[in-house]
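Q: Sequence isn't available, so here's the structure alone:
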């Protein structure tokens, strides 16, 4: 049986409640009381079997019984099981994406209001003075209402900022728009969230190159946002990663695009480790592209059909995606998803099939592939097939070349 305590001390019109959930205060006369506890302020009243109680401010959360009806929110969380061929550069990218700042939510005016309210309330309790107690409760209540109102206004401003940034590049004066959006004063954490959005937009605007927003302008603007240097470097690196992904998405990289990417890597001034990773990614892309443009037939231990030729082999695994666990936090059910090995060996790619063999062979016909999605951070290729519901997951020692070759060969199939 779990241990709990509950004790109540009364002094005149004031009652102090001690419980497992914390300390609560209430004051009033028979049939009507105003109180505070860990859930906020409330009013209560009634006599002779008819009672009334209502929380002041935010509504209570959905009950646990209601969440069991199937309406409870859920989300998936990826768990790295160590089965993908994640290289050093990919690990660097993952580290760079982790650890967003912990926002400070203290507002000096709101903090002062709550402090004053509690001081007045404490003075009323130990006097005792009902008028002083009510005054303290009133100050606390007014401060809570002001905090809620200010937070709602800040969230509205944050939403409007995000909406305005969606059309930033179409604006006649995008730099002036950035300055205007940075103008409103916001409390934390909305202020930092707004500045993160503005920093990301400024970096993207600079990389776009369609405005006079030069490197000096960008650095000056970013310093004005008063964000941590490590966080700004992360924003720059992730924005450049997105630009590289956009350029490589169609598996076509022109000389102009390649020159622009290398220039951005230098001009953004991001850390050396990220520069090394991004340059290697572009160079690996060029190598994979050159490979697919100059295919040569190689030997294959798998029995091939007439007209089938093998062009590529690499160490790899056929994976299965499954739920490894689940937990609940703040009313949300998180499903922990990860990979397990279905078959490990060598992957051979021919003009007709993908063969995965360790002595036993699994084959996937290229003509059955409807889409190819590559995640070069996790080193996983997802294949959607027209003859099965669930996709197929592949990871390889050379995932990039494998992905390029599969896209090249499937495009040539009529």
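A: Okay, I see it. Just so we're clear, the structure is a prediction, and the values are computed from it rather than from any experiment.
Q: can you pull the contacts of residue 279?
A: By CB atoms under 8 Å, 6 or more residues apart in numbering, the residues touching residue 279 are 262, 265. Placement of C-beta: from N, CA and C, glycine included.
Q: Pretty sure it sits in a helix.
A: Yes: if the criterion is DSSP: H, G, I helix; E, B strand; the rest coil, then residue 279 is within a helix.
Q: Please report how far it lies from residue 125.
A: In this structure, residue 279 lies at 67 Å from residue 125, with CB to CB, to the nearest Å as the measure.
Q: Likewise for residue 280?
A: 67 Å.
Q: Residue 218 now?
A: Residue 218 is 56 Å from residue 125, by CB to CB.
Q: again with residue 370
A: In this view, residue 370 and residue 125 are 71 Å apart by CB to CB.
Q: need the helices for the stretch 101-250 of the chain, in chain order.
A: 108-126, 130-165, 174-181, 190-208, 215-224, 229-248 (DSSP state H, counting those that start in this stretch).
Q: do you know which of these lies nearest residue 271?
A: helix 229-248 (5.6 Å; CB to CB).
Q: what does that closest one contact?
A: Taking CB under 8 Å, 6+ apart as the rule, helix 229-248 contacts 93, 96-97, 100-101, 196, 199-200, 203-204, 207, 222, 227, 253, 257, 261, 264-265, 268-271, 274, 278, 281-282, 285.
Q: quick one: buried residues of it?
A: Neighbour-count burial for helix 229-248 flags 231-241, 243-244, 247-248 (criterion: 16 or more other CB atoms under 10 Å).
Q: Taking helix 215-224 as reference, get the angle to it.
A: 130 degrees (axes from the mean of the first three to the mean of the last three CA atoms, to 10 degrees).
Q: Show me how far helix 229-248 is from its chain's centre.
A: Averaging C-alpha positions (CA atoms, centre = their mean, to the nearest Å) puts helix 229-248 15 Å from its chain's average.
Q: and the angle from that helix to helix 190-208?
A: Using the same axes, to 10 degrees: helix 229-248 against helix 190-208 is 40 degrees.
Q: Now do helix 229-248, average pLDDT.
A: Helix 229-248 shows a mean pLDDT of 86.
Q: next SSE after it?
A: helix 255-267 (DSSP states H and E).
Q: Just the buried residues of the helix or strand harbouring residue 405, please?
A: Assigned by DSSP H and E, residue 405 falls within helix 399-411. Using 16+ other CB under 10 Å as the test for burial, helix 399-411 gives 399, 400, 401, 402, 403, 404, 405, 406, 407, 408, 409, 410.
Q: Just put these in CSV and tack on distance to residue 354 and pLDDT.
A: Listed next are these as CSV, based on distance: CB to CB, whole Å; pLDDT from 0 to 100:
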residue, distance to residue 354, pLDDT
399, 13, 89
400, 16, 87
401, 13, 91
402, 9, 93
403, 12, 90
404, 14, 89
405, 10, 93
406, 7, 93
407, 13, 89
408, 13, 89
409, 9, 93
410, 10, 91
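Q: quick one: which of the residues you listed is nearest residue 334?
A: For these, the nearest to residue 334 is residue 399 (27.5 Å; CB to CB).
Q: any idea how far the closest one is from residue 118?
A: Using CB to CB, one gets 59 Å for the distance from residue 399 to residue 118.
Q: ditto for residue 310
A: Taken as CB to CB, the span from residue 310 to residue 118 is 77 Å.
Q: before we move on, what about residue 365?
A: Taken as CB to CB, the span from residue 365 to residue 118 is 72 Å.
Q: Good, wrapping up.
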